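**Student:** sequence first, predicted coordinates after that:
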Amino acid sequence: MTPWWAQGLQWGLWWVVMGLLMGWLARARMTPRPGQGRRVLQHPRGILVLGAVTTGLFGAAALGSVLFPDKEPSLLIPAIFLGFAAMGAYLVAEFYRVWFRLEPGGMRYQTLTKKPGSIRWAEVSRLHYSPSMKWFVVEARSGTAIRVSAMLIGLPEFARSVLAEVPRARIDAGALPVLEETAAGSPPSIWG
C-alpha cells in the first residue's frame, strides 16, 4: 500500500504541472501568431504542441500495451490510451482548421466540422458564455450556433466587436461582464 504522503506528493505534483501548463497556454493566447492580423482568431502554437505530444505519448503507450501485454492481456488499456491519443489528434486538427476572421459588421469562420461560413452581427439572436466549456456561443436567427473558444488568440478584439455591434438585449447577462473584461485585455480563465 502506498503511504498517504506519497499519494499527496503525486497529486500535488500533478496540480503544479497542470497549473504551469495551463498558465503557459493562457499566456500563449495573448501573443498573435506571426503573419496574422489582430482580427484573426486562431489557436496558439501551444495547442499544436500539446496535441502532438499527447497524440504521440498516448499512441506509443497504446502500442506498447499491445506489444508487451500484462499477464492477462486486455483491450481496455490500449483503448483508453487510444482515446487520449484521439483527444490529442483533435487538438492538432483544431489548430490547423479552426479560425475566425472579424470583419466590419460580422465575422467569417471555419469550424472543425462545418463548411466555412459567415455571420453578421445584426443576425445574432443570442450570445452567451459557457464557463464549463470555456467558449462563447454566438447563435444566429437562422439557427446556426458558432462556438468561439476562450483559448483563441485575438479574443479581446472579438469581445470589442461584439460589444460595439451586437445589441445588449441579445447578450446574456452572464456573458456581458466576461465580454467587458475580455475587451479590456483580460480573457476568461482556461483553468478551473
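**Tutor:** Cool, got the structure. Residues are numbered from 1 along each chain as shown.
**Student:** quick one: the strands in this protein?
**Tutor:** 40-41, 99-103, 106-110, 117-120, 124-130, 135-140, 145-149 (DSSP state E).
**Student:** and residue 65, how close does it get to residue 76?
**Tutor:** 10 Å (Cβ to Cβ, to the nearest Å). Where C-beta positions appear, they are placed from N, C-alpha and C, glycine not excepted.
**Student:** those two: which is more packed in?
**Tutor:** residue 65 (20 against 9; other Cβ atoms under 10 Å).
**Student:** residue contacts, residue 158?
**Tutor:** Residues in contact with residue 158, defined by Cβ atoms under 8 Å, 6 or more residues apart in numbering, are 41, 100, 102, 107, 136, 148, 152, 182.
**Student:** ends of stretch 160-174, how far apart?
**Tutor:** Length of stretch 160-174, first residue to last, Cα to Cα, to the nearest Å: 16 Å.
**Student:** which residues touch it?
**Tutor:** By Cβ under 8 Å, 6+ apart, the surrounding residues in contact with stretch 160-174 are 102, 105-107, 121-122, 124-129, 136, 138, 176, 179-180, 183.
**Student:** just the buried members of the residues you listed?
**Tutor:** A residue is treated as buried here by neighbour count (16 or more other Cβ atoms under 10 Å); on that basis the buried members of the contacts of stretch 160-174 are 102, 106-107, 121, 124, 126-129, 136, 138, 176, 179, 183.
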